[in-house]
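Undergrad: Using only what follows, build the 3D model:
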Amino acid sequence: MAAKPLNIRHQVALMLATPGIKKHEIAKALKVSTRTITRIANEVAPAIEQADRKLAALQTEIHEVISIKQRARKYGELAMKAKNEAVSLASLQRIDALDGIVTEKDRIRADREQIRQPQPIFNLPRGSRVAVTLNQYQKTDTLDVVKPTSITPSKDRQ
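TA: Here you go, the predicted structure:
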């Protein structure tokens, strides 16, 4: 049971990082109260701020080492001159992603990552009643075989 709160915290943190998702939508998707979402958001806020600061520092260091123009040139070289076709293809896909071109693979991945609301398997009209009968069968280890005997009509039926 201890793993479940950590799992919910992780899910809440990921959903809070997604733009456009409101706390009540997260609560509904995870089947918890909005109060729980607010509490978890307050708990993870310092960690998120620290991660944002570290990411900004890392981006600053990267820009000092290799400029955006140098990166673009390198992607172009890899896409056009790479001997390994996989490297060339990956470079082209990265360039497409930077240009905003969404491939079918990326679209499918994004669809899977979206929060899916539970949907009923079937809908019944209002006022419908459903009766469910459960039967329990016991499995036996041995099988009793009854050999048929000859059937003779009873004397009272003759």
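Undergrad: which residues touch Val87?
TA: Contacts for Val87 (C-beta atoms under 8 Å, 6 or more residues apart in numbering) come out as Leu78. (Glycine included, C-beta is placed from N, CA and C.)
Undergrad: Report the backbone C-alpha coordinates of the helix or strand hosting it in PDB.
TA: Assigned by DSSP states H and E, Val87 belongs to helix 85-99. Output in PDB follows, covering the C-alpha atoms of helix 85-99 (Å, rounded to 0.1, in the frame of the first residue of the first chain):
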ATOM      1  CA  GLU A  85      21.200   5.700 -42.500                       C
ATOM      2  CA  ALA A  86      19.700   5.500 -39.000                       C
ATOM      3  CA  VAL A  87      21.700   8.500 -37.900                       C
ATOM      4  CA  SER A  88      20.700  10.400 -41.000                       C
ATOM      5  CA  LEU A  89      17.000   9.500 -40.400                       C
ATOM      6  CA  ALA A  90      17.100  10.400 -36.700                       C
ATOM      7  CA  SER A  91      18.700  13.800 -37.600                       C
ATOM      8  CA  LEU A  92      16.000  14.500 -40.200                       C
ATOM      9  CA  GLN A  93      13.300  13.600 -37.700                       C
ATOM     10  CA  ARG A  94      14.900  15.900 -35.100                       C
ATOM     11  CA  ILE A  95      15.000  18.700 -37.700                       C
ATOM     12  CA  ASP A  96      11.300  18.000 -38.600                       C
ATOM     13  CA  ALA A  97      10.400  18.200 -34.900                       C
ATOM     14  CA  LEU A  98      12.200  21.500 -34.500                       C
ATOM     15  CA  ASP A  99      10.300  22.800 -37.500                       C
END
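Undergrad: Mind listing what's buried along that helix?
TA: Judged by neighbour count using 16 or more other C-beta atoms under 10 Å, the buried positions of helix 85-99 are Ser91, Leu92.
Undergrad: So what touches whichever helix or strand comes after that helix?
TA: Counting by DSSP H and E, the element after helix 85-99 in chain order, helix or strand, is helix 104-113. Contact partners of helix 104-113, identified using C-beta under 8 Å, 6+ apart, comprise Ala97, Val102.
Undergrad: between helix 104-113 and helix 85-99, how many degrees?
TA: If you take axes from the mean of the first three to the mean of the last three C-alpha atoms, to 10 degrees, helix 104-113 sits at 60 degrees to helix 85-99.
Undergrad: Residue numbering should commence at 58 henceforth.
TA: Sure, I'll start numbering at 58, so the last one becomes helix 161-170.
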